Structures are given as structure tokens and as C-alpha cells.
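1. Starting from these lines, generate the structure:
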Amino acid sequence: MTAITALLAQARDGDRPAFDALFQRLYPELRHLAHTRLAGHRRGTSMETTVLLHECYLRLLQAGSLKPADRAHFIAYAAHVMRSV
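-> Presented below is the predicted three-dimensional model:
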């Protein structure tokens with residue numbers, strides 16, 4: 001079992017430190033995703049990559065019942081959250 005898989009399993013069980021560690025481990029990938037998401041927007045919009053990523057984190061926490069099956073599912077869910085911001 002990889003570290004990401006173990007963290008996902010713990011996060012699914014409601015372990016907040018595991019969720020934080022998972023987000024930290026995937027931060028570079030999620031940051032790239034957020035940057036790509038914003039790349040098509042006009043210059044001068046108020047949303048920045050870091051702001052979008054941190055808003056995604058907060059919304060994932062508020063969701064409470066995070067049940068990603070694997071890394072790809074977690075990234076896809078985060079992308080969905082970013083689109084809704």
C-alpha cells in the first residue's frame with residue numbers, strides 16, 4: 001500500500017491529520033491543476049491559483065464525507081470542486 005493510498009483510507013475514516021497530510025502530499029499536483037483551471041480566464045480576475053487551491057481545501061473539508069477510491073478519484077473530485085468555485 002502506498003503512502004497516498006494509506007492516507008486516503010485514513011481520510012475516508014474521518015482522520016483530519018491524514019486528510020491534511022494527503023492534501024500536502026498532493027499539493028504540487030493540485031496547484032498545477034488550479035493554475036491550469038485559471039489559465040483560460042481573463043487577466044485581472046480576482047482569483048489566483050493559491051486562493052483557488054485553498055478554497056478547494058476548505059470545501060473538501062466542509063463536505064465531510066470524502067470517499068475517494070484512489071488518487072485519481074481524489075484529484076478528479078478536487079477538480080470538480082475547483083470548477084464550482
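2. From now on I want contacts and neighbour counts done on CA atoms only, so please keep to that.
-> Will do.
3. By residue count, what's the longest helix in this protein?
-> Longest helix in the chain by number of residues (criterion: DSSP state H): helix 16-39.
4. which other helices and strands contact that helix?
-> When contacts are defined as 3 or more CA pairs under 8 Å, 6 or more residues apart in numbering; DSSP states H and E, helix 16-39 packs onto helix 3-12, helix 49-63, helix 71-84.
5. Contacts for that helix, please.
-> With contacts defined as CA atoms under 8 Å, 6 or more residues apart in numbering, helix 16-39 is touched by 4, 7-8, 10-11, 47-50, 52-53, 57, 75, 78-79, 82-83.
6. then it to CSV, C-alphas only?
-> Extracted C-alpha coordinates of helix 16-39, given in CSV (Å, rounded to 0.1, in the frame of the first residue of the first chain):
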residue,chain,number,x,y,z
ARG,A,16,-8.3,15.0,9.8
PRO,A,17,-4.5,14.9,10.1
ALA,A,18,-4.4,12.2,7.4
PHE,A,19,-6.5,14.5,5.2
ASP,A,20,-4.1,17.4,5.8
ALA,A,21,-1.1,15.1,5.0
LEU,A,22,-2.8,13.9,1.9
PHE,A,23,-3.5,17.4,0.7
GLN,A,24,0.1,18.4,1.5
ARG,A,25,1.5,15.4,-0.4
LEU,A,26,-0.7,16.2,-3.5
TYR,A,27,-0.3,20.0,-3.2
PRO,A,28,2.1,20.4,-6.2
GLU,A,29,-0.3,18.4,-8.4
LEU,A,30,-3.4,20.2,-7.1
ARG,A,31,-1.6,23.5,-7.5
HIS,A,32,-0.8,22.7,-11.1
LEU,A,33,-4.5,21.7,-11.6
ALA,A,34,-5.7,25.0,-10.2
HIS,A,35,-3.2,27.0,-12.3
THR,A,36,-4.4,25.2,-15.4
ARG,A,37,-8.0,25.8,-14.4
LEU,A,38,-7.4,29.6,-14.2
ALA,A,39,-5.2,29.8,-17.3
